[in-house]
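> Sequence and predicted structure below; questions after.
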Amino acid sequence: MIIDCHCHAGKGDLLTGPWDTDAPIATYLRRAKVAGIDKTVIFSPFHSNYQQANANTARIVASQPDRFIGFAFAHAQRDKGRIYQTIAEAVTRWSFCGIKVHRMDGPATREVCEAARAFGLPLLYDPVGQTDLVELLASQYPDVNFIIPHLGSFADDWRAHLRIIDQISRYPNVYTDTSGVRRFDYIAQAVKRGGAHKVLFGTDGPWLHPGVELQKIRLLGLPPQQEALILGENLLRLIQNVKIVPMQGDRLTHPQPMPIHQQNQRRISLPMPTCPLRGLHE
């Protein structure tokens, strides 16, 4: 099974560039099907209201629940004081399996990390090349798994790539994804130094072609078992301990582990997906 761990979907509302205007998932799906990608983690483009954006993401996931895995986007600064409630809604109502935070909105905070810890979610944090914070995040929250996309820099910053390679080698809870990394040798070095179990395949779709991004992994020439880790098994492992939030009336209680036999239970009328905890070797 091939899983793309990094794809945007839906519309933004800021109109300053493709990244906050529109992420046409239909175009991506056509290309991903040809490439042989089976499942995709999706989250919103940049948006002025991530609660609204997450609801939009949920509708896209519900349209193809066997195809999409939802991650909740959060603004670490603007959503301050309500991060927990935002993530609780995403997990409980829509069965989202992770959190996305971007440094362009603001650096990751304790509030974001504690929400990730509370719900057993991986935190996909784009530091935009400012990778020093990853040291603090990893050491302060050793029980939270951090996925640092683009080897730390979409802007082709080789220094950031080297720092992330060092961090995935030293911290058991720091991972990276391969989306948009143009300097191929750094991908190879990440696998060699950090191990195949610390690298995830991602595309940054729909703006980058998923077939091109997938070919980078193929060209590593890895043994089948290591390639399988990068192409999906690592992601499935990171989302397998998601915790649900029991309800008492209209109030949320403390998160509890999600029993496998309850994974197909739905909390809203629309058919919403659950985290794909099975099928590691499909």
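In hand now; what should we look at? Numbers count the residues shown, from 1 in each chain.

> ok, the residue nearest to Ser44 when sequence neighbours are not counted to Ile217 distance?
Leaving aside its chain neighbours, Ser44 sits nearest to Ala53 (3.6 Å; criterion: CB to CB, 6 or more residues apart in numbering). All C-beta atoms are positioned from the backbone trio N, CA, C, and that covers glycine. Distance, Ala53 to Ile217, using CB to CB, to the nearest Å: 29 Å.

> what's the answer for Val112, then?
29 Å.

> related to what we said a few turns ago, tally of neighbours for the residue nearest to Ser44?
A count of nearby residues for Ala53, using other CB atoms under 10 Å, gives 23.

> Could you do Val34 as well?
Val34: 11 neighbours (other CB under 10 Å).

> Quick one: list the elements packing against the helix or strand it falls within.
Using DSSP states H and E, Val34 sits within helix 25-35. Packing partners of helix 25-35 (3 or more CB pairs under 8 Å, 6 or more residues apart in numbering; DSSP states H and E): strand 3-8, strand 39-43, helix 210-218.

> Output it as CSV, restricted to C-alpha atoms.
C-alpha atoms of helix 25-35 as CSV (Å, rounded to 0.1, in the frame of the first residue of the first chain):
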residue,chain,number,x,y,z
ILE,A,25,-8.0,17.5,-5.4
ALA,A,26,-9.5,16.1,-8.6
THR,A,27,-6.4,16.9,-10.5
TYR,A,28,-4.2,15.3,-7.9
LEU,A,29,-6.4,12.2,-7.8
ARG,A,30,-6.1,11.6,-11.5
ARG,A,31,-2.3,11.8,-11.3
ALA,A,32,-2.1,9.7,-8.1
LYS,A,33,-4.1,6.9,-9.6
VAL,A,34,-1.8,6.7,-12.5
ALA,A,35,1.2,6.7,-10.1
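
> Now do the SS call for the closest residue to Gln77 other than its chain neighbours.
Computed as CB to CB, 6+ apart, the closest residue to Gln77 that is not its neighbour in sequence is Gly106, at 3.6 Å. Three-state call for Gly106 (DSSP: H, G, I helix; E, B strand; the rest coil): coil.

> wait, what's in contact with Gly106?
75-78 (CB atoms under 8 Å, 6 or more residues apart in numbering).

> By neighbours, which of these wins?
Most surrounded of the contacts of Gly106: other CB under 10 Å gives His75, at 22 neighbours.

> Tell me how far that residue lies from Pro45.
13 Å.

> just the helices in the chain please.
Assigned by DSSP state H, the chain shows helices spanning 25-35, 50-63, 83-94, 110-119, 132-140, 158-170, 184-194, 210-218, 224-228, 234-238.

> who has more neighbours, Val112 and Ile217?
Val112 (27 against 19).

> Would you check that that one makes contact with Phe119?
No: using CB atoms under 8 Å, Val112 is not in contact with Phe119, being 11.4 Å away.

> thinking again about what came up before, give me the angle between the helix holding Val34 and strand 39-43.
160 degrees (axes from the mean of the first three to the mean of the last three CA atoms, to 10 degrees).

> can you give me the angle helix 25-35 makes with strand 3-8?
160 degrees.

> roughly how far apart are Ile60 and Ala138?
Distance from Ile60 to Ala138, by CB to CB: 31 Å.

> which of the two has more neighbours?
Ala138 (20 against 17).

> Would you point out which residue is most central in the chain?
Central residue of the chain (CA atoms, centre = their mean): Leu124, 4.8 Å from the mean position.

> Contact partners for it?
Per CB under 8 Å, 6+ apart, neighbours of Leu124: 5-6, 43, 71, 98-101, 147, 149, 177.

> Put together a markdown table for those, with neighbour count on each row.
A markdown table is the format used below for the contacts of Leu124 (neighbours: other CB atoms under 10 Å):
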| residue | neighbour count |
| --- | --- |
| Cys5 | 30 |
| His6 | 28 |
| Phe43 | 26 |
| Phe71 | 27 |
| Gly98 | 27 |
| Ile99 | 28 |
| Lys100 | 26 |
| Val101 | 26 |
| Ile147 | 29 |
| Pro149 | 26 |
| Asp177 | 28 |
